[in-house]
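Engineer: give me coordinates for this.
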Amino acid sequence: MTRLFALPVFVLLYLAVTVWWRAPAAFAVIYLAASLAAFLAYAFDKSAAKGGQWRTSEGTLHLLALVGGWPGALLAQQLLRHKTAKASFRSVFWGTVVINVLGFVALCSPLGRSLWTSP
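Structural biologist: A predicted model of the protein is given here:
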């Protein structure tokens, strides 16, 4: 459960970025929607694994994490006890977390915002 420590740290980072650089509300919506989608994908995959049915690909799970669903994916991993044993999966997952958080900060920075907002 110590991995869940990443969630409050991210919330604090998100709040700091929002205060300093006024992150658009759309980012919160994206994180919430992607997290819900990721949590559901993990739940579906866990159920499919138990039932010997078609599984969600690891690539799909990583893509959901990369686009902002990593908080929901992390919760699902811990609460559902799914995808926690395979070291290679965990390594790629944490890589997607780092890339996503760095991307969020970069996009919200004054330089990043100047690239995607109109004058």
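Engineer: contacts and neighbour counts: CA atoms only from here.
Structural biologist: Noted.
Engineer: shaky segments in this protein?
Structural biologist: For the chain, the stretches flagged by pLDDT under 70 are 1-2, 118-119.
Engineer: for it, which helix is longest?
Structural biologist: The longest helix of the chain (DSSP state H) is helix 25-51.
Engineer: which residue sits closest to residue 23, ignoring its sequence neighbours?
Structural biologist: Nearest residue to residue 23, sequence neighbours excluded (C-alpha to C-alpha, 6 or more residues apart in numbering): residue 108, at 5.6 Å.
Engineer: repeat for residue 34
Structural biologist: Spatially, and ignoring its direct neighbours in sequence, residue 34 is nearest to residue 69 (4.2 Å; C-alpha to C-alpha, 6+ apart).
Engineer: the spatially most central residue of the chain is in what secondary structure piece?
Structural biologist: The C-alpha lying nearest the average C-alpha coordinate of the chain belongs to residue 70 (C-alpha atoms, centre = their mean; 1.7 Å). Element membership of residue 70, judged by DSSP states H and E, is helix 70-80.
Engineer: pull out the buried positions in that helix.
Structural biologist: If you call a residue buried by 16 or more other C-alpha atoms under 10 Å, then helix 70-80 has these buried ones: 70, 71, 72, 73, 74, 75, 76, 77, 78.
Engineer: nearest to residue 56 among these?
Structural biologist: Ranked by distance to residue 56 (C-alpha to C-alpha), the buried residues of helix 70-80 are led by residue 73 at 13.1 Å.
Engineer: wait, what's in contact with residue 89?
Structural biologist: 58, 83 (C-alpha atoms under 8 Å, 6 or more residues apart in numbering).
Engineer: angle of the helix or strand harbouring it against helix 25-51?
Structural biologist: Using DSSP H and E, residue 89 falls within helix 87-108. Interaxial angle, helix 87-108 versus helix 25-51 (axes from the mean of the first three to the mean of the last three C-alpha atoms, to 10 degrees): 170 degrees.
Engineer: pull the CA atoms of the very next helix or strand once past helix 87-108 into PDB?
Structural biologist: Counting by DSSP H and E, the next helix or strand C-terminal to helix 87-108 is helix 110-116. Taking C-alpha atoms only, helix 110-116 is exported to PDB below (Å, rounded to 0.1, in the frame of the first residue of the first chain):
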ATOM      1  CA  PRO A 110       4.100  29.200 -19.000                       C
ATOM      2  CA  LEU A 111       6.300  28.000 -21.900                       C
ATOM      3  CA  GLY A 112       4.000  24.900 -22.400                       C
ATOM      4  CA  ARG A 113       0.800  27.000 -22.300                       C
ATOM      5  CA  SER A 114       2.300  29.400 -24.900                       C
ATOM      6  CA  LEU A 115       2.600  26.400 -27.300                       C
ATOM      7  CA  TRP A 116      -1.000  25.300 -27.100                       C
END
